[in-house]
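Asks: need the 3D shape of this:
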Amino acid sequence: MNAKNKLGWAPEEDPIVRMILDGEASSASEAEARYLDSHIEEIVELVNSPMPEEEFRAHPLIMMLFAHGSREWDESLA
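Replies: Reported below is the predicted structural model:
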């Protein structure tokens, strides 16, 4: 059984997990910030697009942007 079937996702598919495992970030919050910063042009394009609100909010980058910051609180619980 591969990791994706067992865990529901494979680490190489999640850029945040990949950044942490590769040592590019020391926390999920830092990895998210770096990932969002590196995709700012795409985020701006999405914001300026005529995409329907529901589709916009469902885009992975936008979902991460809206959720960013809540992980810091989550990490403090660990």
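
Asks: how near is Ile40 to Leu21?
Replies: Distance, Ile40 to Leu21, by CB to CB, to the nearest Å: 24 Å. To be clear about C-beta, it is placed using only N, CA and C from the backbone, and glycine gets the same treatment.

Asks: all helices of the protein, in order?
Replies: For the chain, helices defined by DSSP state H occupy the ranges 3-7, 15-21, 28-38, 40-48, 53-58, 60-67, 70-76.

Asks: next up, the contacts around the residue most central in space within the chain.
Replies: By CA atoms, centre = their mean, the chain has its centre lying nearest to Met64, at 4.6 Å. Neighbouring residues of Met64 by CB atoms under 8 Å, 6 or more residues apart in numbering: Glu32, Tyr35, Leu36.

Asks: which residues of this structure score low on pLDDT?
Replies: Applying pLDDT under 70 to the chain flags residues 1-12, 69-78.

Asks: count the residues that sit near Ser27.
Replies: When neighbours are counted by other CB atoms under 10 Å, Ser27 registers 14.

Asks: that one contacts Ile20, correct?
Replies: Yes: the criterion here is CB atoms under 8 Å, and Ser27 meets it with Ile20 at 7.5 Å.

Asks: wait, isn't Arg57 in contact with Phe66?
Replies: Yes: shown here, Arg57 and Phe66 form a contact pair, counting by CB under 8 Å, at 7.4 Å.

Asks: mark which of the contacts of Met64 are buried, thanks.
Replies: Neighbour-count burial (16 or more other CB atoms under 10 Å) applied to these gives Glu32, Tyr35.

Asks: out of the contacts of Met64, which one sits closest to Pro52?
Replies: Of all the contacts of Met64, Leu36 has the smallest distance to Pro52: 22.3 Å, by CB to CB.

Asks: quick one, what contacts that closest one?
Replies: Ile43, Leu61, Met64, Leu65, His68.
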